[in-house]
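S.K.: Predicted model follows, preceded by the sequence.
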Amino acid sequence: MTSPPAIYSIRAAFRSVLNRILRAHRPPVVVLVPAVAVTLLLLVSPVYLLVRTLDGGPETWDLLFRLRMLQTLGRTVLLMVTVTLACILLSLPLAWLVVRTDVPWRRFWGIVLALPLVVPTYVGGLVAVAALGPRGILQGFLQNVAGVERIPDITGFTGAFAVLTMFSYPYVLLTIQAGLHRIDPALEESSRALGYNSRQTFFRVALPLLRPSMAAGGLLVALYTLSDFGAVSLLQYETLTWAIFVQYDAGIDRTLGAVMSLVLVGVALTTLGCEGVIRTRSAYYRSDQGAPRPPPIVRLRGWRWPAAGLCSVVLLFALALPLAVLVFWVVRGVSAGEPFLVSWLPALNALYVSILAAAAATVAGLPVAIVIVRFPGVLSVLLERITYLGFALPGIVVALGLVFIGANYLPALYQTLGMLIAAYVILFLPTSVGAVRASLLQLNPNLENAARTLGRTPRQVLTSITVPLVRPGLLSGAGLVFLLTMKELPATLVIGPIGFETLATAIWSAASEAFFAQAAAPALLLVAVSAPPLAFLTLRHQ
């Protein structure tokens, strides 16, 4: 039997080992405090929605199960699912052509097929209404040529589905392209050596290995569709996001708006959970340590030009025609005597706030990424889950939470630029964290450990070792946040400072009143400003 002193010695030794483990995995204060502060900021909107919903009392459940609520929820889920599936089905062959085949101008297609990402969906909705609406370009042309007085209505589900698919598929395209680059060619070579042809190898080997990439891209499309406001409102397809904005803007029933926002967050979290199940169901890597090789190029032979034709058709509908319609409206407005006024102030405001948001999200994302990668444990898992909650929070939901906090507890920050930047950080922080996290995973931690062994403080290690070595990830994350901020509409409309107009709000203001010529110029300017950074990031990735 062990004596009591021996038991005490064992306990003391256990505590000593446990304390050393905790100290070894405890983030330094210079990293931990900013990471926790960012996490608390991310929890503002969900906590507000939950409190506001619970304050509604028993009537809240009646609101939750109203027939109109269920119908709106059904329309939202239907649009999200169909757009996501359509984007996957469209992006898979395009990505395969660009990465694995000798399609003509392969490098060119790899860049331009991603450019529809810079066209906001509300610009796509504007183009659809201007070109295919009751009094649009196509209606006028057919009436003059063939006497057609009415064409099928583009509004509703059909228009919203087409617009969101055309301008959201690059999210899936880029992730599948990255997945194709990572597949080891030896796996496909082994399949063909076992007697399977190219088609069987693709469906039995490549397609299952691409499942995480398709899930990741599909998740982005699903959440983007779920949070879309501009396209569904212009095309008059009622979803939860549009209904929430109407409730807030009209001041009819703020509790109902909170209930719908909470339902929207629930749908988004469910979508995140589904993506996690798909991503973690199997292993998608090699068990050995073979050197990576570039994938072999498939010779299309007689299908080379039909494949280039497919890329051209997609680019025609997703980029060329929308830009042509915008140019047409600008020319038509000038011909009608309207002054061609370039909205320089909204453009400067958009650039200014996007640069600030990119810098803020990068600074906020760095400590969070360091905790997640360098200090694994319960805290890092919790931080990662809360951080990626930003993907599940549409702009209107974030805006509602910050409006409540600002109006009731921080009136000095209410409708200020600082609050708007905070909203952008909440919305787009996962983009920054993801880019920095990828760079940190490629950085050998022994470099940081060696610096600490030589007497460097955690702050000095961060500034002299970590930050310089993860600079590519910081720049990539900042570029993506910049692009997303340029397009953001709902949060800017709700919590932007009074009189503060960006390109997004200028486009929305003109388009919502059917002033297409006035909306076309800032829309073209927005695309022109956003396209070079995206082309640079895409080219750098290739």
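M.R.: Right, received. Where do you want to start? Numbers count the residues shown, from 1 in each chain.
S.K.: Show the subsequent helix or strand relative to the one helix or strand in the chain whose mean pLDDT sits lowest.
M.R.: Across the helices and strands of the chain, mean pLDDT, DSSP states H and E gives its lowest value to helix 4-24, namely a mean of 52. Remark: after helix 4-24, the chain's next helix or strand is helix 29-42, criterion DSSP states H and E.
S.K.: List the buried residues in whatever helix or strand comes next after that following helix.
M.R.: Later in the chain than helix 29-42, the nearest helix or strand by DSSP H and E is helix 44-55. For helix 44-55, burial by neighbour count (16 or more other Cβ atoms under 10 Å) applies to 44-46, 48-49, 52-53. Any C-beta I mention is one placed from the backbone N, CA and C, and that applies to glycine too.
S.K.: With stretch 458-468 instead?
M.R.: Those would be 458, 461-462, 465-466, for stretch 458-468 by 16+ other Cβ under 10 Å.
S.K.: Is it correct that residue 264 falls within a strand?
M.R.: No: with DSSP: H, G, I helix; E, B strand; the rest coil as the criterion, residue 264 is assigned helix and is not in a strand.
S.K.: Tell me which residue lies nearest the centroid of this structure.
M.R.: For the chain, the residue nearest the mean C-alpha position is residue 220 (5.3 Å; Cα atoms, centre = their mean).
S.K.: And it, how far from residue 121?
M.R.: 13 Å (Cβ to Cβ, to the nearest Å).
S.K.: swap in residue 300?
M.R.: Counting by Cβ to Cβ, the gap from residue 300 to residue 121 is 33 Å.
S.K.: neighbour count winner among those two?
M.R.: Neighbours per residue, other Cβ atoms under 10 Å: of residue 300 and residue 121, the larger number sits with residue 121, 24 against 17.
S.K.: doesn't residue 166 make contact with the more buried one?
M.R.: No: counting by Cβ atoms under 8 Å, residue 121 stays clear of residue 166, with 9.0 Å between them.
S.K.: Throw the buried residues of helix 44-55 into JSON lines and include pLDDT and distance to residue 518, thanks.
M.R.: Output for these, formatted as JSON lines (pLDDT from 0 to 100; distance: Cβ to Cβ, whole Å):
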{"residue": "44", "pLDDT": "84", "distance to residue 518": "36"}
{"residue": "45", "pLDDT": "82", "distance to residue 518": "33"}
{"residue": "46", "pLDDT": "82", "distance to residue 518": "38"}
{"residue": "48", "pLDDT": "81", "distance to residue 518": "36"}
{"residue": "49", "pLDDT": "80", "distance to residue 518": "36"}
{"residue": "52", "pLDDT": "77", "distance to residue 518": "37"}
{"residue": "53", "pLDDT": "76", "distance to residue 518": "39"}
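S.K.: and which of these is nearest to residue 231?
M.R.: Residue 231 lies nearest to residue 45 out of those, by Cβ to Cβ, at 22.7 Å.
S.K.: shaky segments in the stretch 201-350 of the chain?
M.R.: Flagging of the stretch 201-350 of the chain using pLDDT under 70 yields the residue ranges 249-254, 275-295, 336-343.
S.K.: how about the helices in it?
M.R.: 207-209, 211-227, 230-234, 240-250, 254-280, 304-315, 321-335, 344-374 (DSSP state H, counting those that start in this stretch).
S.K.: The first one: how far from the chain's middle?
M.R.: On the basis of Cα atoms, centre = their mean, to the nearest Å, helix 207-209 is displaced by 23 Å from the centre of the chain it belongs to.
S.K.: And that helix, what's buried?
M.R.: Neighbour-count burial for helix 207-209, with 16+ other Cβ under 10 Å as criterion, is recorded at residue 209.
S.K.: same question, the fifth one
M.R.: Within helix 254-280, the residues scored as buried using 16+ other Cβ under 10 Å are 255-265, 267-268, 271-272, 275, 278.
S.K.: quick check, nearest of the buried residues of helix 44-55 to residue 368?
M.R.: Proximity of the buried residues of helix 44-55 to residue 368 (Cβ to Cβ) peaks at residue 44, which lies at 15.9 Å.
S.K.: shouldn't that closest one be in contact with residue 406?
M.R.: No: between residue 44 and residue 406 there is no contact under Cβ under 8 Å: 10.1 Å.
S.K.: show me the contacts for residue 372.
M.R.: The contact partners of residue 372, by Cβ atoms under 8 Å, 6 or more residues apart in numbering, come to 380, 383-384, 387, 433, 437.
S.K.: For it, give its distance to residue 450.
M.R.: Taking Cβ to Cβ, one finds residue 372 at 22 Å from residue 450.
S.K.: next one: residue 245
M.R.: Distance, residue 245 to residue 450, using Cβ to Cβ: 53 Å.
S.K.: When these two are compared, which one has more neighbours?
M.R.: Between residue 245 and residue 450, residue 245 has the larger neighbour count (other Cβ under 10 Å), namely 22 against 13.
S.K.: neighbours around residue 369, how many?
M.R.: The burial count for residue 369: 30, using other Cβ under 10 Å.
S.K.: got a list of what it touches?
M.R.: Each residue near residue 369 by Cβ under 8 Å, 6+ apart is listed here: 433, 436-437, 440.
S.K.: so which of those comes closest to residue 193?
M.R.: Proximity of these to residue 193 (Cβ to Cβ) peaks at residue 437, which lies at 36.8 Å.
S.K.: Remind me which helix or strand the closest one belongs to.
M.R.: Residue 437 belongs to helix 417-441 when assigned by DSSP H and E.
S.K.: Buried residues in that helix, which are they?
M.R.: 419-440.
S.K.: same question, stretch 469-487
M.R.: For stretch 469-487, by 16+ other Cβ under 10 Å, it's 469-470, 473-487.
S.K.: need the contact list for residue 117.
M.R.: 167, 170-171, 483, 534.
S.K.: ok, now which ones touch residue 238?
M.R.: Residue 238 sits next to 72, 75, 232 when contact means Cβ under 8 Å, 6+ apart.
S.K.: Need phi/psi at it.
M.R.: Note on residue 238: its backbone torsions stand at phi -70, psi 120 [degrees, to the nearest 10].
S.K.: per-residue confidence for residue 441?
M.R.: pLDDT, residue 441: 69.
S.K.: With the one 10 residues further on instead?
M.R.: What the model reports for residue 451 is a pLDDT of 73.
S.K.: pull the CA atoms of the helix or strand hosting it into CSV?
M.R.: Using DSSP H and E, residue 451 sits within helix 445-453. Once non-C-alpha atoms are left out, helix 445-453 reads as follows in CSV (Å, rounded to 0.1, in the frame of the first residue of the first chain):
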residue,chain,number,x,y,z
PRO,A,445,8.1,26.7,-35.2
ASN,A,446,11.7,25.9,-34.3
LEU,A,447,12.7,29.3,-35.7
GLU,A,448,10.5,31.0,-33.2
ASN,A,449,11.7,28.6,-30.4
ALA,A,450,15.3,29.4,-31.3
ALA,A,451,14.7,33.1,-31.0
ARG,A,452,13.1,32.7,-27.6
THR,A,453,16.1,30.5,-26.5
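S.K.: Now residue 137: closest residue in space, sequence neighbours ignored.
M.R.: Distances taken as Cβ to Cβ, 6 or more residues apart in numbering place residue 131 nearest to residue 137, at 4.8 Å, with adjacent residues excluded.
S.K.: Going by secondary structure, that neighbour is in what exactly?
M.R.: Using DSSP H and E, residue 131 maps to helix 121-132.
S.K.: Run the angle between that helix and helix 321-335 for me.
M.R.: 70 degrees (axes from the mean of the first three to the mean of the last three Cα atoms, to 10 degrees).
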